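S.K.: Build the 3D model from these lines:
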Amino acid sequence: MPAIAASTFHQACLVVMVPLLQDVFDLTLSMIGVVVGTGLMATAISLPAWGRIEAYIGALGALKIILSFAVLSVSAIAISFMLVSYAIISPLLGLAVLITARIAYSISVPALLPLTQAILARNSQNSSKLLAPIGRLSSMTGLGRLAGNAAVAPLLLLGGVAPLIAPIPVYVVCLFFAFKQSSPATTKCKKSNEYKNRITLPKTALLIGFALQLCLGATYVLLGPLIKDSMQLNSTQATTVASYCLTAAVLSGLVAQLGLLPIVRKHASIVQITSAISFTAGLSLLCIAHTLSFIAMSAAIIGASAALLTATNSVYLLKRLPASLKAKGSTTLSCSQFAGLATGSLLGGFGGETSLTLTFSFATIIALVFCVGGSGFVISHKPVARPLRPSDI
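M.R.: This next block holds a predicted model:
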(Lines give C-alpha, C1' and ligand atoms only; values in the text may rest on other atoms or scores of the structure.)
Protein backbone atom coordinates (compact mmCIF):
# COMPACT_ATOMS: atom_id res chain seq x y z
CA MET A 1 0.00 0.00 0.00
CA PRO A 2 2.80 2.55 0.66
CA ALA A 3 4.21 1.80 -2.81
CA ILE A 4 0.82 2.60 -4.38
CA ALA A 5 0.76 5.95 -2.59
CA ALA A 6 4.38 6.59 -3.65
CA SER A 7 3.36 5.95 -7.27
CA THR A 8 0.66 8.62 -7.33
CA PHE A 9 2.93 10.91 -5.26
CA HIS A 10 5.49 10.67 -8.08
CA GLN A 11 2.80 11.32 -10.72
CA ALA A 12 1.49 14.37 -8.86
CA CYS A 13 4.98 15.80 -8.48
CA LEU A 14 5.63 15.48 -12.20
CA VAL A 15 2.37 17.28 -13.02
CA VAL A 16 3.10 20.17 -10.66
CA MET A 17 6.72 20.37 -11.90
CA VAL A 18 5.78 20.73 -15.59
CA PRO A 19 7.03 24.37 -15.82
CA LEU A 20 10.34 23.36 -14.20
CA LEU A 21 10.70 20.33 -16.48
CA GLN A 22 10.09 22.61 -19.47
CA ASP A 23 12.88 24.94 -18.39
CA VAL A 24 15.42 22.22 -17.58
CA PHE A 25 14.83 19.99 -20.62
CA ASP A 26 13.84 22.84 -22.99
CA LEU A 27 10.45 21.29 -23.75
CA THR A 28 7.27 22.67 -25.27
CA LEU A 29 3.81 21.77 -23.99
CA SER A 30 3.24 19.58 -27.05
CA MET A 31 6.41 17.64 -26.25
CA ILE A 32 5.21 17.21 -22.67
CA GLY A 33 1.95 15.91 -24.10
CA VAL A 34 3.83 13.38 -26.23
CA VAL A 35 5.73 12.10 -23.18
CA VAL A 36 2.51 11.80 -21.15
CA GLY A 37 0.58 10.19 -24.00
CA THR A 38 3.38 7.71 -24.67
CA GLY A 39 3.38 6.69 -21.02
CA LEU A 40 -0.39 6.18 -20.94
CA MET A 41 -0.37 4.07 -24.09
CA ALA A 42 2.56 2.00 -22.81
CA THR A 43 0.61 1.37 -19.60
CA ALA A 44 -2.56 0.37 -21.44
CA ILE A 45 -0.66 -2.04 -23.70
CA SER A 46 1.49 -3.64 -20.99
CA LEU A 47 -1.01 -4.14 -18.15
CA PRO A 48 -2.62 -7.37 -19.45
CA ALA A 49 0.84 -8.94 -19.62
CA TRP A 50 1.24 -8.57 -15.85
CA GLY A 51 -1.74 -10.86 -15.30
CA ARG A 52 0.04 -13.55 -17.31
CA ILE A 53 3.35 -12.88 -15.57
CA GLU A 54 1.65 -13.25 -12.19
CA ALA A 55 0.14 -16.56 -13.33
CA TYR A 56 3.60 -17.93 -14.19
CA ILE A 57 5.84 -16.60 -11.41
CA GLY A 58 3.31 -15.79 -8.69
CA ALA A 59 2.12 -12.49 -7.25
CA LEU A 60 5.15 -12.02 -5.02
CA GLY A 61 7.56 -12.49 -7.92
CA ALA A 62 5.61 -10.02 -10.04
CA LEU A 63 5.62 -7.44 -7.22
CA LYS A 64 9.41 -7.80 -6.86
CA ILE A 65 9.90 -7.07 -10.55
CA ILE A 66 7.55 -4.07 -10.46
CA LEU A 67 9.21 -2.56 -7.38
CA SER A 68 12.65 -3.07 -8.94
CA PHE A 69 11.49 -1.22 -12.06
CA ALA A 70 10.10 1.53 -9.82
CA VAL A 71 13.41 2.08 -8.04
CA LEU A 72 15.45 2.06 -11.26
CA SER A 73 13.12 4.19 -13.40
CA VAL A 74 12.40 6.89 -10.79
CA SER A 75 16.12 7.05 -9.98
CA ALA A 76 16.92 7.48 -13.69
CA ILE A 77 14.38 10.31 -13.99
CA ALA A 78 15.87 12.10 -10.98
CA ILE A 79 19.45 11.58 -12.18
CA SER A 80 18.69 12.87 -15.69
CA PHE A 81 17.01 15.95 -14.21
CA MET A 82 19.99 16.62 -11.95
CA LEU A 83 22.63 16.09 -14.67
CA VAL A 84 20.86 18.37 -17.14
CA SER A 85 20.18 21.08 -14.55
CA TYR A 86 23.92 21.17 -13.70
CA ALA A 87 24.82 21.16 -17.44
CA ILE A 88 26.74 17.89 -17.10
CA ILE A 89 24.86 16.37 -20.05
CA SER A 90 22.90 18.01 -22.87
CA PRO A 91 19.13 18.53 -22.60
CA LEU A 92 18.64 16.22 -25.60
CA LEU A 93 20.50 13.33 -23.96
CA GLY A 94 18.71 14.00 -20.68
CA LEU A 95 15.38 13.98 -22.49
CA ALA A 96 16.22 10.60 -24.06
CA VAL A 97 16.97 9.19 -20.59
CA LEU A 98 13.78 10.78 -19.22
CA ILE A 99 11.56 9.26 -21.92
CA THR A 100 13.19 5.83 -21.62
CA ALA A 101 12.84 5.84 -17.84
CA ARG A 102 9.26 7.11 -18.09
CA ILE A 103 8.31 4.28 -20.46
CA ALA A 104 9.97 1.73 -18.14
CA TYR A 105 7.97 3.20 -15.26
CA SER A 106 4.73 3.19 -17.25
CA ILE A 107 4.94 -0.47 -18.26
CA SER A 108 5.51 -1.67 -14.72
CA VAL A 109 4.51 0.47 -11.74
CA PRO A 110 0.82 1.06 -12.67
CA ALA A 111 0.31 -2.71 -12.33
CA LEU A 112 0.83 -2.43 -8.56
CA LEU A 113 -2.78 -1.51 -7.80
CA PRO A 114 -4.57 -4.18 -9.89
CA LEU A 115 -2.21 -6.94 -8.74
CA THR A 116 -2.66 -5.94 -5.10
CA GLN A 117 -6.44 -5.88 -5.59
CA ALA A 118 -6.28 -9.38 -7.07
CA ILE A 119 -4.23 -10.65 -4.10
CA LEU A 120 -6.72 -9.06 -1.70
CA ALA A 121 -9.70 -10.61 -3.50
CA ARG A 122 -8.02 -14.01 -3.71
CA ASN A 123 -7.31 -14.07 0.01
CA SER A 124 -10.74 -12.76 1.02
CA GLN A 125 -12.86 -15.37 2.81
CA ASN A 126 -16.10 -13.44 2.35
CA SER A 127 -16.71 -11.70 -0.98
CA SER A 128 -19.50 -9.58 0.54
CA LYS A 129 -16.88 -7.84 2.71
CA LEU A 130 -14.53 -7.12 -0.20
CA LEU A 131 -15.86 -3.66 -1.07
CA ALA A 132 -14.45 -1.79 1.95
CA PRO A 133 -10.89 -3.22 1.65
CA ILE A 134 -10.86 -2.47 -2.09
CA GLY A 135 -11.96 1.08 -1.29
CA ARG A 136 -9.20 1.51 1.29
CA LEU A 137 -6.65 0.19 -1.16
CA SER A 138 -7.83 2.54 -3.90
CA SER A 139 -7.76 5.46 -1.46
CA MET A 140 -3.97 5.14 -1.37
CA THR A 141 -3.90 6.69 -4.83
CA GLY A 142 -5.78 9.73 -3.55
CA LEU A 143 -3.58 10.07 -0.47
CA GLY A 144 -0.45 9.90 -2.62
CA ARG A 145 -1.82 12.51 -5.01
CA LEU A 146 -2.70 14.87 -2.18
CA ALA A 147 0.72 14.42 -0.56
CA GLY A 148 2.44 15.06 -3.89
CA ASN A 149 0.53 18.27 -4.53
CA ALA A 150 1.25 19.52 -1.01
CA ALA A 151 4.90 18.44 -0.78
CA VAL A 152 6.34 19.85 -4.01
CA ALA A 153 6.69 23.43 -2.78
CA PRO A 154 8.54 22.65 0.49
CA LEU A 155 10.67 19.96 -1.19
CA LEU A 156 11.76 22.43 -3.87
CA LEU A 157 13.39 24.47 -1.09
CA LEU A 158 15.83 21.56 -0.73
CA GLY A 159 16.57 21.51 -4.46
CA GLY A 160 14.81 21.04 -7.77
CA VAL A 161 15.44 17.29 -7.79
CA ALA A 162 14.11 16.68 -4.25
CA PRO A 163 10.47 15.95 -5.22
CA LEU A 164 11.69 13.38 -7.75
CA ILE A 165 13.91 11.64 -5.20
CA ALA A 166 11.31 11.60 -2.41
CA PRO A 167 9.41 8.39 -3.40
CA ILE A 168 12.58 6.33 -3.95
CA PRO A 169 13.11 5.40 -0.24
CA VAL A 170 9.50 4.14 -0.07
CA TYR A 171 10.06 1.88 -3.07
CA VAL A 172 13.36 0.63 -1.63
CA VAL A 173 11.78 -0.26 1.72
CA CYS A 174 8.85 -2.03 0.02
CA LEU A 175 11.27 -3.93 -2.22
CA PHE A 176 13.31 -4.98 0.81
CA PHE A 177 10.26 -6.41 2.57
CA ALA A 178 9.07 -8.04 -0.67
CA PHE A 179 12.33 -10.00 -0.89
CA LYS A 180 11.96 -11.02 2.75
CA GLN A 181 8.32 -12.04 2.26
CA SER A 182 7.60 -15.75 1.99
CA SER A 183 3.89 -15.83 2.79
CA PRO A 184 1.91 -18.46 0.93
CA ALA A 185 -0.82 -15.87 0.45
CA THR A 186 1.14 -14.30 -2.39
CA THR A 187 2.62 -17.34 -3.99
CA LYS A 188 1.95 -18.61 -7.47
CA CYS A 189 -1.50 -20.00 -8.18
CA LYS A 190 -1.54 -23.47 -9.64
CA LYS A 191 -3.23 -23.98 -12.95
CA SER A 192 -6.46 -25.92 -12.67
CA ASN A 193 -9.62 -26.76 -14.53
CA GLU A 194 -10.60 -23.09 -14.24
CA TYR A 195 -8.30 -22.32 -17.17
CA LYS A 196 -9.70 -25.21 -19.18
CA ASN A 197 -13.21 -23.89 -18.70
CA ARG A 198 -12.12 -20.68 -20.48
CA ILE A 199 -14.05 -18.34 -18.23
CA THR A 200 -14.42 -14.99 -20.00
CA LEU A 201 -13.94 -11.64 -18.33
CA PRO A 202 -17.10 -9.60 -17.63
CA LYS A 203 -17.15 -7.23 -20.61
CA THR A 204 -19.62 -4.90 -18.91
CA ALA A 205 -17.10 -4.11 -16.16
CA LEU A 206 -14.40 -3.37 -18.77
CA LEU A 207 -16.77 -1.08 -20.67
CA ILE A 208 -17.78 0.79 -17.50
CA GLY A 209 -14.12 1.26 -16.55
CA PHE A 210 -13.24 2.56 -20.02
CA ALA A 211 -16.17 5.00 -20.19
CA LEU A 212 -15.63 6.26 -16.64
CA GLN A 213 -11.97 7.09 -17.23
CA LEU A 214 -12.74 8.58 -20.65
CA CYS A 215 -15.10 11.07 -19.01
CA LEU A 216 -12.62 11.78 -16.21
CA GLY A 217 -9.76 12.33 -18.68
CA ALA A 218 -11.81 14.86 -20.64
CA THR A 219 -12.87 16.59 -17.41
CA TYR A 220 -9.30 16.90 -16.11
CA VAL A 221 -8.17 18.49 -19.38
CA LEU A 222 -11.12 20.89 -19.70
CA LEU A 223 -11.60 22.00 -16.10
CA GLY A 224 -8.93 24.71 -16.32
CA PRO A 225 -10.23 26.16 -19.63
CA LEU A 226 -13.80 26.04 -18.27
CA ILE A 227 -12.78 28.04 -15.21
CA LYS A 228 -10.80 30.47 -17.35
CA ASP A 229 -13.70 31.16 -19.70
CA SER A 230 -16.45 31.19 -17.06
CA MET A 231 -14.67 33.47 -14.60
CA GLN A 232 -12.62 35.53 -17.07
CA LEU A 233 -9.28 34.66 -15.41
CA ASN A 234 -5.78 34.57 -16.81
CA SER A 235 -3.93 31.27 -17.28
CA THR A 236 -2.08 31.38 -13.96
CA GLN A 237 -5.21 32.19 -11.96
CA ALA A 238 -7.23 29.54 -13.78
CA THR A 239 -4.54 26.91 -13.10
CA THR A 240 -4.54 27.78 -9.40
CA VAL A 241 -8.33 27.62 -9.12
CA ALA A 242 -8.44 24.37 -11.12
CA SER A 243 -5.93 22.81 -8.73
CA TYR A 244 -8.21 23.70 -5.80
CA CYS A 245 -11.20 22.13 -7.57
CA LEU A 246 -9.24 18.96 -8.34
CA THR A 247 -8.11 18.83 -4.72
CA ALA A 248 -11.77 19.03 -3.67
CA ALA A 249 -12.51 16.14 -6.05
CA VAL A 250 -9.71 14.02 -4.58
CA LEU A 251 -10.81 14.78 -1.01
CA SER A 252 -14.42 13.90 -1.74
CA GLY A 253 -13.24 10.64 -3.28
CA LEU A 254 -11.21 9.82 -0.18
CA VAL A 255 -14.17 10.55 2.09
CA ALA A 256 -16.35 8.27 -0.02
CA GLN A 257 -13.78 5.45 -0.08
CA LEU A 258 -12.75 5.58 3.58
CA GLY A 259 -15.97 6.78 5.19
CA LEU A 260 -18.90 5.62 3.08
CA LEU A 261 -17.81 2.27 1.64
CA PRO A 262 -17.36 0.53 5.02
CA ILE A 263 -20.95 1.50 5.89
CA VAL A 264 -22.60 0.41 2.63
CA ARG A 265 -20.37 -2.57 1.82
CA LYS A 266 -23.35 -4.96 1.90
CA HIS A 267 -25.20 -2.98 -0.77
CA ALA A 268 -22.65 -2.87 -3.58
CA SER A 269 -25.26 -2.98 -6.36
CA ILE A 270 -27.15 0.02 -4.98
CA VAL A 271 -23.90 1.94 -4.51
CA GLN A 272 -22.84 1.18 -8.09
CA ILE A 273 -26.01 2.38 -9.81
CA THR A 274 -26.33 5.40 -7.48
CA SER A 275 -22.71 6.47 -8.03
CA ALA A 276 -23.10 6.05 -11.81
CA ILE A 277 -26.17 8.32 -11.80
CA SER A 278 -24.51 10.95 -9.58
CA PHE A 279 -21.36 10.85 -11.74
CA THR A 280 -23.45 11.57 -14.82
CA ALA A 281 -25.26 14.34 -12.95
CA GLY A 282 -21.95 15.92 -11.96
CA LEU A 283 -20.82 15.97 -15.59
CA SER A 284 -24.13 17.51 -16.71
CA LEU A 285 -23.72 20.29 -14.13
CA LEU A 286 -20.42 21.30 -15.74
CA CYS A 287 -22.35 21.98 -18.97
CA ILE A 288 -24.15 24.88 -17.24
CA ALA A 289 -21.63 25.83 -14.54
CA HIS A 290 -20.67 29.51 -14.55
CA THR A 291 -19.54 30.19 -10.97
CA LEU A 292 -16.65 28.86 -8.92
CA SER A 293 -18.91 27.36 -6.24
CA PHE A 294 -20.94 25.54 -8.90
CA ILE A 295 -17.82 24.17 -10.61
CA ALA A 296 -16.25 23.12 -7.28
CA MET A 297 -19.49 21.37 -6.26
CA SER A 298 -19.60 19.54 -9.59
CA ALA A 299 -15.96 18.47 -9.22
CA ALA A 300 -16.62 17.15 -5.71
CA ILE A 301 -19.65 15.16 -6.92
CA ILE A 302 -17.64 13.73 -9.81
CA GLY A 303 -14.71 12.82 -7.53
CA ALA A 304 -16.83 11.02 -4.95
CA SER A 305 -18.99 9.25 -7.52
CA ALA A 306 -16.01 8.13 -9.60
CA ALA A 307 -14.29 6.71 -6.51
CA LEU A 308 -17.38 4.71 -5.53
CA LEU A 309 -18.08 3.50 -9.08
CA THR A 310 -14.46 2.45 -9.58
CA ALA A 311 -14.46 0.42 -6.35
CA THR A 312 -17.82 -1.27 -6.95
CA ASN A 313 -16.96 -2.05 -10.56
CA SER A 314 -13.67 -3.65 -9.49
CA VAL A 315 -15.44 -5.75 -6.86
CA TYR A 316 -18.06 -6.86 -9.41
CA LEU A 317 -15.34 -8.07 -11.79
CA LEU A 318 -13.26 -9.80 -9.11
CA LYS A 319 -16.27 -11.61 -7.62
CA ARG A 320 -17.13 -13.04 -11.04
CA LEU A 321 -13.70 -14.65 -11.50
CA PRO A 322 -12.01 -17.69 -9.91
CA ALA A 323 -8.85 -17.15 -7.86
CA SER A 324 -6.50 -18.10 -10.70
CA LEU A 325 -7.98 -15.44 -13.02
CA LYS A 326 -8.30 -12.53 -10.59
CA ALA A 327 -4.89 -11.04 -11.46
CA LYS A 328 -5.60 -11.28 -15.18
CA GLY A 329 -9.03 -9.73 -14.72
CA SER A 330 -7.76 -6.89 -12.52
CA THR A 331 -4.91 -5.96 -14.89
CA THR A 332 -7.22 -6.13 -17.92
CA LEU A 333 -9.66 -3.79 -16.17
CA SER A 334 -6.81 -1.36 -15.44
CA CYS A 335 -5.80 -1.62 -19.11
CA SER A 336 -9.27 -0.53 -20.21
CA GLN A 337 -9.20 2.30 -17.67
CA PHE A 338 -5.87 3.67 -18.89
CA ALA A 339 -7.04 3.37 -22.49
CA GLY A 340 -10.15 5.35 -21.54
CA LEU A 341 -8.04 7.97 -19.76
CA ALA A 342 -5.83 8.42 -22.84
CA THR A 343 -8.89 8.62 -25.13
CA GLY A 344 -10.58 11.11 -22.82
CA SER A 345 -7.49 13.32 -22.75
CA LEU A 346 -7.51 13.42 -26.56
CA LEU A 347 -11.26 14.10 -26.56
CA GLY A 348 -10.79 16.95 -24.13
CA GLY A 349 -7.90 18.43 -26.09
CA PHE A 350 -9.57 18.42 -29.48
CA GLY A 351 -13.15 18.90 -28.31
CA GLY A 352 -12.21 21.79 -26.05
CA GLU A 353 -10.94 23.76 -29.04
CA THR A 354 -14.40 23.43 -30.63
CA SER A 355 -16.82 23.88 -27.73
CA LEU A 356 -16.49 23.22 -24.02
CA THR A 357 -20.25 22.83 -23.57
CA LEU A 358 -20.59 20.36 -26.44
CA THR A 359 -17.64 18.30 -25.18
CA PHE A 360 -19.03 18.09 -21.64
CA SER A 361 -22.44 17.22 -23.12
CA PHE A 362 -20.87 14.42 -25.15
CA ALA A 363 -19.08 13.12 -22.04
CA THR A 364 -22.39 13.21 -20.15
CA ILE A 365 -24.07 11.12 -22.85
CA ILE A 366 -21.22 8.58 -22.72
CA ALA A 367 -21.56 8.34 -18.92
CA LEU A 368 -25.34 7.97 -19.18
CA VAL A 369 -25.19 5.22 -21.80
CA PHE A 370 -22.21 3.20 -20.60
CA CYS A 371 -21.79 3.95 -16.87
CA VAL A 372 -25.46 4.14 -15.89
CA GLY A 373 -26.61 1.67 -18.53
CA GLY A 374 -23.78 -0.75 -17.76
CA SER A 375 -24.40 -0.55 -14.02
CA GLY A 376 -28.09 -1.17 -14.61
CA PHE A 377 -27.22 -4.25 -16.64
CA VAL A 378 -24.92 -5.48 -13.86
CA ILE A 379 -27.53 -5.30 -11.10
CA SER A 380 -30.33 -6.73 -13.29
CA HIS A 381 -28.38 -9.75 -14.52
CA LYS A 382 -27.29 -11.90 -11.62
CA PRO A 383 -24.54 -14.41 -12.48
CA VAL A 384 -25.81 -17.95 -12.91
CA ALA A 385 -23.75 -20.62 -11.20
CA ARG A 386 -22.19 -23.15 -13.56
CA PRO A 387 -23.52 -26.66 -12.97
CA LEU A 388 -21.12 -29.15 -11.47
CA ARG A 389 -19.20 -31.37 -13.83
CA PRO A 390 -17.73 -34.80 -13.04
CA SER A 391 -14.26 -33.25 -13.16
CA ASP A 392 -15.20 -30.84 -10.39
CA ILE A 393 -15.98 -33.63 -7.90
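S.K.: For residue 291, see how far away residue 244 is.
M.R.: Counting by C-beta to C-beta, to the nearest Å, the gap from residue 244 to residue 291 is 14 Å. Every C-beta, even on glycine, is put in place using the N, C-alpha and C of the backbone.
S.K.: What of residue 122?
M.R.: Following C-beta to C-beta, the distance that separates residue 122 from residue 291 is 47 Å.
S.K.: Just want to know which of those two has more residues nearby.
M.R.: Residue environment comparison for residue 122 versus residue 291 gives the larger neighbour count to residue 122, 20 against 10, counting by other C-beta atoms under 10 Å.
S.K.: What is the neighbour count of residue 151?
M.R.: In terms of burial, residue 151 registers 17 neighbours under the definition other C-beta under 10 Å.
S.K.: which residues touch it?
M.R.: Residues touching residue 151, when contacts are defined by C-beta atoms under 8 Å, 6 or more residues apart in numbering, comprise 9, 13, 163, 166.
S.K.: Contacts only, for the third one.
M.R.: It stands for residue 163. Taking C-beta under 8 Å, 6+ apart as the definition, contacts of residue 163 comprise 13, 16-17, 148, 151-152, 155-156.
S.K.: Of those residues, which is the nearest to residue 232?
M.R.: residue 16 (24.9 Å; C-beta to C-beta).
S.K.: Now that we're looking at the closest one, what pLDDT does it have?
M.R.: Confidence per residue is given as pLDDT, and for residue 16 that number is 65.
S.K.: same check, this time on residue 362
M.R.: Residue 362 is assigned a predicted lDDT (pLDDT) of 91.
S.K.: shift numbering so it begins at 38
M.R.: OK, 38 is where the count begins now, so the last one is residue 399.
S.K.: The nearest residue to it once chain neighbours are set aside sits in which helix or strand?
M.R.: Excluding the flanking residues, the one nearest residue 399 by C-beta to C-beta, 6 or more residues apart in numbering is residue 388, at 6.9 Å. Residue 388 belongs to helix 363-391 when elements are defined using DSSP states H and E.
S.K.: And the next helix or strand past that helix?
M.R.: Beyond helix 363-391 on the C-terminal side, the first helix or strand identified by DSSP H and E is helix 393-403.
S.K.: Now do the helices in the stretch 138-287 of the chain.
M.R.: When assigned using DSSP state H, counting those that start in this stretch, the helices of the stretch 138-287 of the chain occupy the ranges 149-160, 168-193, 199-202, 205-217, 230-233, 240-268, 272-292.
S.K.: tally of neighbours for residue 49?
M.R.: Counted with other C-beta under 10 Å, residues neighbouring residue 49 total 22.
S.K.: Specify the angle between the host helix or strand of it and helix 205-217 in degrees.
M.R.: Take DSSP H and E as the rule and residue 49 turns out to sit in helix 39-53. For helix 39-53 against helix 205-217, the angle between stretch directions is 150 degrees (axes from the mean of the first three to the mean of the last three C-alpha atoms, to 10 degrees).
S.K.: what packs against helix 39-53?
M.R.: Counting contacts by 3 or more C-beta pairs under 8 Å, 6 or more residues apart in numbering; DSSP states H and E, the secondary-structure elements packed against helix 39-53 are helix 96-122, helix 149-160, helix 168-193, helix 199-202, helix 205-217.
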